[in-house]
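In: curious how this folds, go ahead:
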Amino acid sequence: MRLTEETVLVTGASSGIGRELARCFAAEGCRLVLLARKKAALESLADELRRACKTQSEVLTADLAAPEAPQRLFDHLRANGTKVDVLVNNAGFGAKGRFAELAADRQIDMVQVNVAALMHLTRLFLPAMIERHRGGVLNVASTAAFQPGPGMAVYYATKAFVLSFTEAVAEEVMGTGVTVSALCPGATATNFAAAAGARTSAFFDRNAMSAAMVAAIGHRAFRQGQVVKIAGVRNRWLAFGVRLGPRALVRKIAKRFNDASYARS
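Out: This next block holds a predicted model:
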């Protein structure tokens, strides 16, 4: 099915899951607005999608750690007459380490990118989708959303917000023709672990899924109208187990996994 009338905005589209989600939507014939900080990577992707899928992509650069970035992006697209039908909130990052030891500025930026920008962009673009009775929002959360994460406390907390926020808004828009979904990947083979300083974490030691596989699962779930999609059978079982386990035990296990690299570094 080709949905050539749709325009899809993908944040964090320069690499990883965001890049693969852009490929999924481009394969349907959707127009793309690609947003990230790295212009060269975005232009390379836009050229690939133009050649492979015959789709047009607009490349925009912005740092979503800047509080004014979402409004500037919205104003730019509105001035150009671009109507965003699907918003993919993929941009985000993590930082590994104990909360009291990690730089405060980095953790504040994490909340701005993972939480505030995601919420702001959704608030800016969602009303027009509801008015048109079509479109949707796909938020990239994480299996980290299902438990506290000692050793990556702020990152886990931001993803818990994304999951809770997505489920609540999805219920609010039920019956409007708009889809709001959360994709919850587990360990994925992207640049995330290296950027977060978590490359040696036990969560990334093995069983990491490919970004392409995670994106395909998330894209399909979004098109099917699923509100929450955990990528991978193993990850679904782990998330289910977390819900059954005592909170004290769950956080101790998460701490053990996140702290595993300290003994090896």
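In: which SS class is the nearest residue to A153 once chain neighbours are set aside?
Out: Distances taken as CB to CB, 6 or more residues apart in numbering place F99 nearest to A153, at 4.6 Å, with adjacent residues excluded. Glycine gets a C-beta too; all of them are placed from N, C-alpha and C. Of the three states, F99 takes coil under DSSP: H, G, I helix; E, B strand; the rest coil.
In: F165 against M119, yeah?
Out: Yes: the criterion here is CB atoms under 8 Å, and F165 meets it with M119 at 6.5 Å.
In: how far off centre is the longest helix along the chain?
Out: If you go by DSSP state H, the chain has its longest helix at helix 153-172. Chain-centre distance of helix 153-172: 11 Å, with CA atoms, centre = their mean, to the nearest Å.
In: how far is the helix or strand that it is followed by from where the chain is centred?
Out: Under the assignment DSSP states H and E, the closest C-terminal helix or strand after helix 153-172 is strand 179-184. In this view, strand 179-184 has its centroid 9 Å away from the chain centroid, taken as CA atoms, centre = their mean.
In: in its sheet, what does strand 179-184 sit against?
Out: Strand pairing for strand 179-184, using DSSP bridges, gives strand 136-140 (parallel), strand 228-230 (parallel).
In: in CSV, list the ones you listed along with mean pLDDT, mean neighbour count and distance to C184.
Out: Shown next, in CSV, are these (pLDDT from 0 to 100; neighbours: other CB atoms under 10 Å; distance: least, CB to CB, whole Å):
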stretch, mean pLDDT, mean neighbour count, distance to C184
strand 136-140, 98, 26, 8
strand 228-230, 96, 20, 5
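In: can I get these in CSV with distance to A239?
Out: Formatted as CSV, the strands paired with strand 179-184 follow (distance: least, CB to CB, whole Å):
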stretch, distance to A239
strand 136-140, 15
strand 228-230, 5
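In: go through those strands and name the closest to G177.
Out: strand 136-140 (9.0 Å; CB to CB).
In: the stretch 1-150 of the chain: strands as residue ranges?
Out: Taking DSSP state E, counting those that start in this stretch as the test, the strands found in the stretch 1-150 of the chain are 7-11, 31-36, 57-61, 86-89, 136-140.
In: and the closest residue in space to V10 that isn't next to it in sequence, bridged to which residues?
Out: Closest residue to V10 apart from its sequence neighbours, by CB to CB, 6+ apart: V88 at 4.4 Å. With beta bridges defined as DSSP bridges, V88 has these partners: V10, L138.
In: what's the burial count for the residue nearest to A153?
Out: By other CB atoms under 10 Å, the residues close to F99 number 14.
In: what stretches of the stretch 1-150 of the chain score poorly on pLDDT?
Out: Along the stretch 1-150 of the chain, the parts satisfying pLDDT under 70 run over 1-4.
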